[in-house]
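# Build me a structure from this.
(chains A and B)
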Amino acid sequence: MASSSELTLHLVLPNGATRDVPAGTLARDVVLSIGPGLLKAAIAVAIDGEVQDLMTPIRTSGAFVVLKASDPRSLDVLRHSGAHILATAVRRLRPDAKIGFGPAIEDGFYYDFEVEKPFTPEDLEAFEAEMAKVVAEALPFVRDEISKDEGMKRFADDPLKLERLAELGADEVISTYTDGPFVDLCRGPHVPDTSHLKNFKLLSTAGAYWRGDERRQMLQRIYATAFWKKEELEAHIHRLSEARRRDHRVVGKQLDLFMFHPYAPGAAFWTERGTLLYNALVDYVRELQRVDYQEIKTPLLYNKGLWETSGHWGKYRENMFLVLDNETSEHDFSLKPMNCPSHYLLYSAKKHSYRELPLRYATFDVLHRNEVSGALSGLTRVRQFAQDDCHIFLMPSQIRDEVERLTKFILGYYGAFGLKARLKFATRPETRIGTDDLWDGAERSLREALDATGLPYEMKPGDGAFYGPKIDFDVTDSIGRHWQLGTIQLDYNAPDRFDLNYTGEDNADHRPVVIHRAVSGSFERFIAILIEHFAGAFPVWLSPEQVRVLPIAHDFADTARAVTAAMRAAGIRAHLDDRNDTLNYRIREAETMKTPYMAVIGQREAESGTLAVRERGQGKKQEVVSVEAFIARVQEEIRTRALPPVTEE
RNA sequence: GCUGACGUAGCUCAAUUGGCAGAGCACCUGAUUUGUAAUCAGGAGGUCGCGAGUUCGAUUCUCGCCGUCAGCUCCA
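Now for the predicted structure:
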């Protein structure tokens, strides 16, 4: 903010030219002074990187950049204006609607309204049509700077705006933007007029609590998106439909992998095909952990005493499935929502030497968390799941090496699926336990370990767990979506609560540190991500069915049966399809089920001991190879867990 | 949990202004013996999510419940 004594502002254009203008000059006048043609193309300006619109008085000196539609930063401006245009249309058709907030968001914008009757899809169509009219009217966005008292008067009928207005400080500039009949309390920035919103689409409507607070009233939110170019809007809509096509709930049904039943909401039933996929993943993790980890199994159901010790009974009970004893409550039990407490019990059951550390307890036990019904969503948010969970007991001096090794482990695992991850380093939160010394040491160890990997990471100050700092792994899938999967968390709290010890070199008891580590997050959610990442076309090693053997006619069924048996004996998941249908029909079905290989056997192949191999997604292109060569090839692909070639869709 | 939408055959979806519930695919049977993405014919398959209510009559209208889906801090 410029000081009031600064009457002349100094603006530097990208080409080095300068403009000295009186404070309060409108940005549009500066742009006009550069060139009238530029003003036509200008959407907004950035002064020292801060985006403001052409109608706003300039208050600071700095680098002055004119933003045209081609500048990515102008898209947020367009979308924010889109929100106003949406509100303009809604107010025309539903004058009773009270306005909430209407910001630009990552993929578009929304606006929240308080209305008696919720919006219907028909309403949405009407709003969209009305928006088109507002756009056609090319209404200029007019900025006014007003006093708080004036604002109170102007928004007397909009209680939500009044609430926001009341929070604004005395020294803040309060501005309104008007387009046609619609006035909104808004700090901007906006496009010059409504005609800029040429390519937009209303997407959905849903309830949203006022200010995200479930104790406040529920507003009706309309989601929409907008782009500068028609092709961009179409591409975005295409991306949305692509995501829907890959939706693991849809693909999972098509490929017959899992199902849900109303009698077990939030808990998946895995079909025989889905179970093969699930187990292939578990087997992979087991193989990776064979040398350095100790796999254990612990009970699923525990007396509440355990949860009182762990603190879950107080803080996490709402999310736990309880089995209550109505008479004495002495036998109150709960299904475990996490593995850690039971691992501590097993650890404590005997004495441990420092020579055993780091001791890595790994498990695939089933966990239950009672998520609220509205939170459930396919496999990505379930009530029953299994993690590739691990608790590592170690000495503080071992943290650095261990974290470095875990980080490589996790990234290597993702790499096997062609997934890339970004690392986030979350440090001490406001409310925490443990001394600052302890935190200093923990954060330093984590940081050193991270630096040692040479990988870039993002800092998330204050985002750590209350018991220790952590590293989170944020994975990007093939259609650009982000998933928070793995985590490495240092824990100094649990060892105290559970009185964990190891015997040191000095023959005295010492406190170990615990590291919580998960890689996939949960297998359920990870499979959902894999389904969408591969669009169901899994690598051979994960495919429930790896080869489908197709005899062309009855006469070759015996040969085909023998070939199938040979493949199965070689550890390949092969199936014979000798049904009484045309070859075309059976190929179509195998393709639909995303089977990686089809092995066709006709007269020529039967006579020469070969197969006509058709590869998934490769169409008519076929390759004739000997049965032995094909088996060797598939075995090799399974052994190396080869990824399918990346195909553009 | 809250707001809204939805729930019809295994799947995808029609229809009924309240009056015997329909298609395609899948499934079964038969014919066809097929050379790289749907051969032909026939058959079977439904407590219209569950439970109440209104009505001569409810899949349809009302209420309750269950489930599914979208969303519920990206700041005027």
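
# where exactly do the strands run in the stretch 101-250 of chain A?
A:104-105, A:108-114, A:142-146, A:174-179, A:182-185, A:199-209, A:218-227 (DSSP state E, counting those that start in this stretch).

# And the average pLDDT for the shortest one is what?
Along strand A:104-105, the predicted local confidence has a mean pLDDT of 91.

# A:Ala386 and A:Pro544, how far apart?
Going from A:Ala386 to A:Pro544 by C-beta to C-beta, to the nearest Å gives 18 Å. All C-beta atoms are positioned from the backbone trio N, CA, C, and that covers glycine.

# I meant A:Leu576, not that one.
15 Å.

# Which residue, other than its chain neighbours, is closest to the residue of the stretch 501-649 of chain A found nearest RNA strand B?
With C-beta to the nearest atom of the strand as the measure, A:Gly602 is the residue of the stretch 501-649 of chain A nearest to RNA strand B, at 2.3 Å. Spatial nearest neighbour of A:Gly602, chain neighbours left out: A:Ile552 (3.9 Å); criterion: C-beta to C-beta, 6 or more residues apart in numbering.

# correct me, but A:Glu295 touches A:Leu288?
No. Using C-beta atoms under 8 Å, A:Glu295 is not in contact with A:Leu288; the gap is 11.7 Å.

# re the thing from before, for the residue of the stretch 501-649 of chain A closest to RNA strand B, what are its contacts?
For A:Gly602, the contact set (C-beta atoms under 8 Å, 6 or more residues apart in numbering) comprises A:551-553, A:556, A:612.

# The residue in the stretch 351-500 of chain A that RNA strand B sits nearest to: neighbour count?
Closest to RNA strand B within the stretch 351-500 of chain A is A:Gly374: 2.0 Å, counting by C-beta to the nearest atom of the strand. As a burial measure, A:Gly374 scores 7 neighbours (other C-beta atoms under 10 Å).

# next one: A:Ser329
Residues lying near A:Ser329 (other C-beta under 10 Å) number 9.

# Let's verify it: helix, strand, or coil?
Here A:Ser329 is recorded as coil under DSSP: H, G, I helix; E, B strand; the rest coil.

# A:Glu308 now?
Secondary structure, three-state DSSP: A:Glu308 is helix.

# And the closest residue to it other than its chain neighbours, how close does it get to A:His516?
Sequence neighbours aside, A:Gly314 is the residue nearest to A:Glu308 in space, at 7.6 Å (criterion: C-beta to C-beta, 6+ apart). From A:Gly314 across to A:His516, the span is 19 Å (C-beta to C-beta).

# same deal with A:Lys350?
Plainly put, A:Lys350 is 22 Å away from A:His516 if you go by C-beta to C-beta.

# The two: which is more packed in?
Taking other C-beta under 10 Å, A:Lys350 and A:His516 do not tie; A:His516 has more neighbours (23 against 6).

# does the more buried one sit in a helix or strand, and which one?
strand A:513-518 (DSSP states H and E).

# how about that strand as CSV, C-alpha atoms only?
The C-alpha coordinates for strand A:513-518 follow below in CSV (Å, rounded to 0.1, in the frame of the first residue of the first chain):
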residue,chain,number,x,y,z
VAL,A,513,11.1,-43.2,18.0
VAL,A,514,8.3,-44.6,15.9
ILE,A,515,7.9,-43.9,12.2
HIS,A,516,4.4,-44.5,10.7
ARG,A,517,4.7,-45.3,7.0
ALA,A,518,2.1,-46.1,4.4
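
# That strand - contacts with which helices or strands?
In terms of contacts (3 or more C-beta pairs under 8 Å, 6 or more residues apart in numbering; DSSP states H and E), strand A:513-518 is packed against helix A:340-348, strand A:389-394, helix A:399-415, strand A:482-491, helix A:493-497.

# Single out the most deeply packed of these.
Neighbour counts (mean count of other C-beta atoms under 10 Å) averaged over each of the helices and strands packed on strand A:513-518 peak at strand A:389-394, with a mean of 24.

# thinking again about what came up before, next step: the contacts of A:Gly602 restricted to helices.
Using DSSP state H, no member of the contacts of A:Gly602 falls within helices.

# ok, of those, which come out buried?
The neighbour-count criterion (16 or more other C-beta atoms under 10 Å) marks A:551-552, A:556, A:612 among those as buried.

# Please enumerate the helices of the stretch 151-300 of chain A.
Under the criterion DSSP state H, counting those that start in this stretch, the stretch 151-300 of chain A contains helices at A:159-167, A:230-246, A:248-254, A:272-288.

# and the stretch 201-350 of chain A, which of its residues are near RNA strand B?
A:204-209, A:211-212, A:214, A:218, A:220-221, A:223, A:249, A:253, A:260, A:262, A:265-266 (C-beta under 7 Å from any atom of the strand).
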